[in-house]
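**Student:** could you look at this predicted model? Sequence included:
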Amino acid sequence: MTDQSLVDLVAGCRRKQQSAMKAFYERFYGYALSVCLAYADNPDDARELVNDGFLKVFSRLDELRSLDGLTPWLRRIMVNTAIDHYRKQLKRPTAVSAEAVSHRLEEPYLNDEAIFAQLSAEHILAVLHQLAVPYRLVFSLYVLEGYSHREIGERLTITESTSRSHLTEANRLLRKLLATQVNQSHERAKR
């Protein structure tokens, strides 16, 4: 069920009322930023994606059929804005070789559940940003958005096998990075 204030807010945005657009932006800014942070290289880039995304939102509000679907619709626009940004940055995305990524980390001794239980979402997101952009994009699209490898390949103009390979490497690197950070935390706590 949608509350009346949201109905009025969207109606005002559709009429291009500046006060309604400002209120809508403020109401959904945090949510949009949380989506964009998974795709941007840094918080400044994420804020830029949010602003670009809201420009699309305001120009496409007439496409929104039901306010009950507003948040998934908004999320999809923010993700597509991030993908568009990625495409603009690289004329043609290239595969990142495994050798291009630093492998100086030790094998983790903790299982994945133990690692994730000790970390905040912000910490995991910070570690995610240490991945090369193609790995991070594939990981985010697959894990956070639920896209298939075929869909990711189409959106990023890469093959399905490249998408699978990027996801595998992203998972491996994330586990190592997170385990290393947890182990370092334990070492600091012992001192």
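**Tutor:** Received it, and whenever you're ready, just let me know what you need.
**Student:** by mean pLDDT, flag the weakest helix or strand of this protein.
**Tutor:** helix 112-117 (a mean of 52; mean pLDDT, DSSP states H and E).
**Student:** flag every buried residue along the helix or strand following that one.
**Tutor:** Helices and strands here follow DSSP states H and E; after helix 112-117, the next one along the chain is helix 121-128. Using 16 or more other CB atoms under 10 Å as the test for burial, helix 121-128 gives 124, 127-128. Just so you know, the C-beta spots here come from the backbone N, C-alpha and C atoms, and that holds for glycine as well.
**Student:** tell me the one of the residues you listed nearest Lys16?
**Tutor:** Proximity of the buried residues of helix 121-128 to Lys16 (CB to CB) peaks at Leu128, which lies at 36.8 Å.
**Student:** can you pull the contacts of that closest one?
**Tutor:** The contact partners of Leu128, by CB atoms under 8 Å, 6 or more residues apart in numbering, come to 38, 136, 139-140, 174.
**Student:** which of those scores worst on pLDDT?
**Tutor:** Least confident of the contacts of Leu128 in the model: Leu174, at 86.
**Student:** so how far is Val10 from that residue?
**Tutor:** Per CB to CB, to the nearest Å, Leu174 is found 38 Å from Val10.
**Student:** and these two? Which one has more around it.
**Tutor:** Per other CB atoms under 10 Å, whichever of Leu174 and Val10 has more neighbours is Leu174, with 21 against 17.
**Student:** looking at it, the more buried one is touching Ala126, isn't it?
**Tutor:** No. Using CB atoms under 8 Å as the test, Leu174 is too far from Ala126 to be in contact (11.4 Å).
**Student:** show me the chain divided up by domain.
**Tutor:** For the chain, the structural domains run 4-89, 98-190, going by automatic domain parsing.
**Student:** least reliable of these by average pLDDT, please.
**Tutor:** Of all those, domain 98-190 has the smallest average pLDDT, which comes to a mean of 76.
**Student:** alright, I will stop here.
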